[in-house]
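>>> Kindly generate the corresponding structure for this input.
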Amino acid sequence: MNNQEQPKKKMNGCLKAILICVGIYILFSVLSGILLGILMSSGATLEDNTVYVLNMKGVLMEQGPEDNPFASLAGEMPGYNAQETVGLDDLLHNIRMAKENDKIKGVLLENGEMQMGFASAKALRDALTDYKESGKFLLAYSSGYTATNYYVASVADSLYLNPTGMVDWNGLSANKMYFKRLLDKIGVDMQVLKVGTFKSAVEPYILTGMSDADKKQTMQYVEGLWDELVQGVAESRNISTEKLNEYADMYMGLKPAETYVENGMIDRLLYKEDVDSILMKLTGDNDYNTISTSALATIPEKANTKENKIVVLYAEGEITDDNGDGIVGTKMLKEITKIRKRDDVKAVVLRVNSPGGSADASEQIWHGVQTLRKKGLPVVVSMGDYAASGGYYISCGSDYIFAEPGTLTGSIGIFGLVPNLNGIRNTVGLDIDGIKTNKYSDLAANAFYKGMNEQERAMMQQMVERGYDLFTRRCAEGRHTTQDKIKAIGEGRVWLGKDAVDIGLVDELGGMEQAIRKAAGLAGIDEYELTYYPRKKDFYTQLLEAFDNTDEEEKMVMKLKELCSEPRVMTLMNFPEIK
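Okay, here's the model as predicted:
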């Protein structure tokens, strides 16, 4: 091949590559356009004489996902068994719609196995109770109810059960698995650094059973939750609390279905076809319409274009520094910055549903909340199922705090766990050697592979105690009390929402609606529009982002470079956890 032919071949290769890329781009654009058309035309319409079928299955989260037009198709695929995620926000929206929209004639609660926390169940139950003021019917039908689902469904006008169904009404229990003996056998010693007698998250690694302190706090909140369920069902079903506890002691989940009717927990045993007949009579139409949760959630409520906005900022999940699926500190701060830059926002409701996590990320989010308040924006916290440890940390600096009676909160404490692998290292024959420039340069490596000495442990404990001091100081400042009083009710102890009001960790019992009204009152506004952060991404946006993995690819490359680099430096920075 001569020198003149080589550039020509290279040029032809480049042109082919360009043409292929252009072709792919055009094809993707066409497909995207078609898909966008499908998505834009997939919005639900509300017909006359409609029954809202609220499917009580799946996993209940604070914010529901955007409607996926292909989800129903995926659910019908052989072997597909993914659990649907349902948003409490969507359910509350839909129940309000069912109450206010004349096209919806009634609500059917179908199934009874939704995974949800007690505070979420209370919010859902309260919304259904409010819906009943419309005079429209509310029915419940299932082949089986868990205790929490039965608590929600008990507000229905009529409660139906499949003739072979069951009601799992047997009381509550709390069990933990302990790993101490297993860790001993494989030669791993968990080095614990903590502040808080009740901070039980570390106990599975250092004990073989519950400590007296953990038994005390767990028994208190489990009994409190059960009392809440029993009292609610007693009021709805007109059954005494004594009888309901008697039924629980009988292990109702193993009794014949007829027993539930006899004791008044269920109205009738029916097959699904019988329920259809009842709905036909109630709607007066043999061809009544139904609408699902995901479809009804796409229909907006009454148009609201008020100038003043109240932001509902969701904080759900474990708190992490810069990655994860829950409350990511860096991402949360970006959302707070967006809110702070808006001139039309007059108040913020921070909806917290978190068991805690990173101490550093919690402090950064706490500071972000303070920047909102410094701008003059009232911040009101609405606690969900959990607002404990880091969840309470990010809440304590607000203007006002609401919790549900069954919210688990408090747990003001801090801990760190460092596994000592010296035993297993000796067993399998691994040796560690290296160099260092200063006295404690190898503290992190030694902590893992050899175990901390007395001086090193004391230094690490001091760091944890400084974190606890800062945590309790933030709580004292936010709750307008002394640090000593916070420490007296801290110690890592978990409290129910109703008890947290009594000791001053929470201002008032209530849900999201009460928190929004309080925020409006503090802002001095009567008319406002709600807006939500983080913004939900529709399916089309999520699909486009899936094709743009530049950031993720760069992160993977950087991670590989980090893992392959020598010498490797270990660090214990930000290891304390508050959960």
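>>> alpha carbons only for contacts and neighbour counts from here, please
Will do.
>>> Where does the prediction get shaky in the stretch 151-300 of the chain?
Along the stretch 151-300 of the chain, no part satisfies pLDDT under 70.
>>> can you pull out the helices in it?
All helices of the stretch 151-300 of the chain, identified by DSSP state H, counting those that start in this stretch, fall at 180-186, 203-206, 212-237, 241-249, 257-262, 272-283, 293-297.
>>> So which other helices or strands are in contact with the longest one?
Here helix 212-237 touches helix 147-153, helix 241-249, strand 494-496, going by 3 or more C-alpha pairs under 8 Å, 6 or more residues apart in numbering; DSSP states H and E.
>>> ok, now the shortest one?
On a contact count with 3+ C-alpha pairs under 8 Å, 6+ apart, helix 203-206 meets helix 180-186.
>>> Could you tell me which residues within the helix it packs on count as buried?
For helix 180-186, burial by neighbour count (16 or more other C-alpha atoms under 10 Å) applies to 180, 183.
>>> same thing with stretch 302-310?
Along stretch 302-310, these residues count as buried under the neighbour rule (16+ other C-alpha under 10 Å): 308, 309, 310.
>>> again with stretch 276-293
Across stretch 276-293, burial judged by 16+ other C-alpha under 10 Å covers 279, 283, 288, 289, 290, 291, 293.
>>> Can you give me the end-to-end span of it?
End-to-end distance of stretch 276-293: 18 Å, with C-alpha to C-alpha, to the nearest Å as the criterion.
>>> Model confidence score at residue 550, please.
Listed pLDDT for residue 550 reads 46.
>>> circling back to that earlier point, out of the helices of the stretch 151-300 of the chain, which comes closest to residue 407?
helix 212-237 (9.1 Å; C-alpha to C-alpha).
>>> Is residue 497 in contact with residue 503, as I believe?
No. Using C-alpha atoms under 8 Å, residue 497 makes no contact with residue 503, being 10.1 Å away.
>>> Between the two, tell me which one has more neighbours.
Legend: neighbour count by other C-alpha atoms under 10 Å for residue 497 and residue 503, higher for residue 497 (31 against 13).
>>> Now do the same for that one: its pLDDT.
Note for residue 497: predicted pLDDT of 97.
>>> Report the separation between it and residue 133.
Distance from residue 497 to residue 133, by C-alpha to C-alpha: 27 Å.
>>> distance between the ends of stretch 447-454?
Its first and final residues considered, stretch 447-454 spans 11 Å by C-alpha to C-alpha.
>>> sorry, that was for stretch 164-179
With C-alpha to C-alpha as the measure, the ends of stretch 164-179 fall 40 Å from one another.
>>> Neighbours of the residue lying closest to residue 178 once chain neighbours are set aside, how many?
Once flanking residues are discounted, residue 178 sits nearest to residue 204: 4.1 Å by C-alpha to C-alpha, 6 or more residues apart in numbering. Counted with other C-alpha under 10 Å, the neighbours of residue 204 add up to 16.
>>> for residue 320, same thing?
23.
>>> Check residue 459 too.
Neighbours around residue 459, by other C-alpha under 10 Å: 12.
>>> ok, back up a step: surely the residue nearest to residue 178 meets residue 180?
Yes. Using C-alpha under 8 Å, residue 204 is in contact with residue 180, at 6.6 Å.
>>> need the buried residues of stretch 302-310 in a markdown table with secondary structure and pLDDT, can you?
Output for those, formatted as a markdown table (DSSP: H, G, I helix; E, B strand; the rest coil; pLDDT from 0 to 100):
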| residue | secondary structure | pLDDT |
| --- | --- | --- |
| 308 | coil | 95 |
| 309 | strand | 96 |
| 310 | strand | 97 |
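>>> would CSV of these with distance to residue 400 be doable?
Below are the buried residues of stretch 302-310 laid out as CSV (distance: C-alpha to C-alpha, whole Å):
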residue, distance to residue 400
308, 20
309, 18
310, 15
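>>> And the helices in the stretch 401-550 of the chain, which stretches?
With helices called from DSSP H, counting those that start in this stretch, the stretch 401-550 of the chain shows them at 422-428, 443-449, 454-479, 483-489, 497-502, 512-523, 539-546, 550-564.
>>> which secondary structure elements does the second one contact?
Think helix 443-449. In terms of contacts (3+ C-alpha pairs under 8 Å, 6+ apart), helix 443-449 is packed against strand 414-420, helix 422-428.
>>> Let's have those in TSV, adding mean pLDDT.
Formatted as TSV, the helices and strands packed on helix 443-449 follow (pLDDT from 0 to 100):
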stretch	mean pLDDT
strand 414-420	90
helix 422-428	88
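>>> returning to what we had before: mind checking which of the helices of the stretch 151-300 of the chain is nearest residue 464?
Of all those, helix 203-206 sits nearest to residue 464, with 16.9 Å by C-alpha to C-alpha.
>>> got the CA coordinates for that closest one in PDB?
Output in PDB follows, covering the C-alpha atoms of helix 203-206 (Å, rounded to 0.1, in the frame of the first residue of the first chain):
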ATOM      1  CA  GLU A 203     -25.700  -4.300  69.800                       C
ATOM      2  CA  PRO A 204     -26.100  -7.100  67.200                       C
ATOM      3  CA  TYR A 205     -22.300  -7.000  66.700                       C
ATOM      4  CA  ILE A 206     -21.200  -7.100  70.400                       C
END
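>>> contact partners of it?
176, 177, 178, 179, 180, 183, 190, 209, 210, 211 (C-alpha atoms under 8 Å, 6 or more residues apart in numbering).
>>> Can I have the buried ones of those as a ChimeraX selection?
Only the buried entries of the contacts of helix 203-206 go into this ChimeraX selection, using 16+ other C-alpha under 10 Å:
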select :178,180,183,190,209,210
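>>> Which pair of the contacts of helix 203-206 spans the longest distance?
Farthest-apart pair in the contacts of helix 203-206 is 183 and 211; separation 18.4 Å (C-alpha to C-alpha).
>>> Look up how far residue 372 lies from the residue nearest to residue 477 when sequence neighbours are not counted.
Leaving aside its sequence neighbours, residue 477 sits nearest to residue 397 (C-alpha to C-alpha, 6+ apart; 7.3 Å). Per C-alpha to C-alpha, residue 397 is found 11 Å from residue 372.
>>> And the two? Which one has more around it.
Counted by other C-alpha under 10 Å, residue 397 and residue 372 do not tie: residue 397 has more neighbours, with 24 against 20.
>>> Provide a list of residues in contact with that one.
Taking C-alpha under 8 Å, 6+ apart, we find residue 397 in contact with 366, 369, 370, 474, 475, 477, 478, 479.
>>> next one: phi and psi at it?
Backbone torsions for residue 397, taken as degrees, to the nearest 10, come to phi -90, psi 20.
>>> ok, now the one 3 residues further on?
Dihedral angles of residue 400 (phi, psi; degrees, to the nearest 10) stand at phi -160, psi 150.
>>> Phi, psi for the closest residue to it other than its chain neighbours please.
Of all residues not flanking residue 400 in the chain, residue 380 sits nearest, at 4.9 Å (C-alpha to C-alpha, 6+ apart). The phi/psi pair for residue 380 (degrees, to the nearest 10) reads phi -110, psi 130.
>>> Counting neighbours, what do you get for residue 380?
28.
>>> Show me what residue 409 is bridged to.
According to DSSP bridges, the residues that bridge with residue 409 are residue 387, residue 495.
>>> how far away is it from residue 117?
Residue 409 is 13 Å from residue 117, by C-alpha to C-alpha.
>>> do residue 207 as well
Taking C-alpha to C-alpha, one finds residue 207 at 28 Å from residue 117.
>>> more neighbours, the two?
residue 117 (18 against 13).
>>> In this structure the more buried one contacts residue 404, no?
No. With contacts counted by C-alpha under 8 Å, residue 117 stays clear of residue 404, the gap being 10.9 Å.
>>> what do the two both touch?
Common neighbours of residue 117 and residue 404, using C-alpha under 8 Å, 6+ apart, are residue 385.
>>> what ranges do the strands span in the stretch 301-450 of the chain?
Counting by DSSP state E, counting those that start in this stretch, the segments of the stretch 301-450 of the chain that form strands are 309-316, 319-320, 327-328, 345-354, 357-358, 379-388, 400-403, 408-410, 414-420.
>>> Mind putting the helices and strands packed on helix 443-449 into JSON lines with distance to residue 229?
Listed next are those as JSON lines, based on distance: least, C-alpha to C-alpha, whole Å:
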{"stretch": "strand 414-420", "distance to residue 229": "31"}
{"stretch": "helix 422-428", "distance to residue 229": "47"}
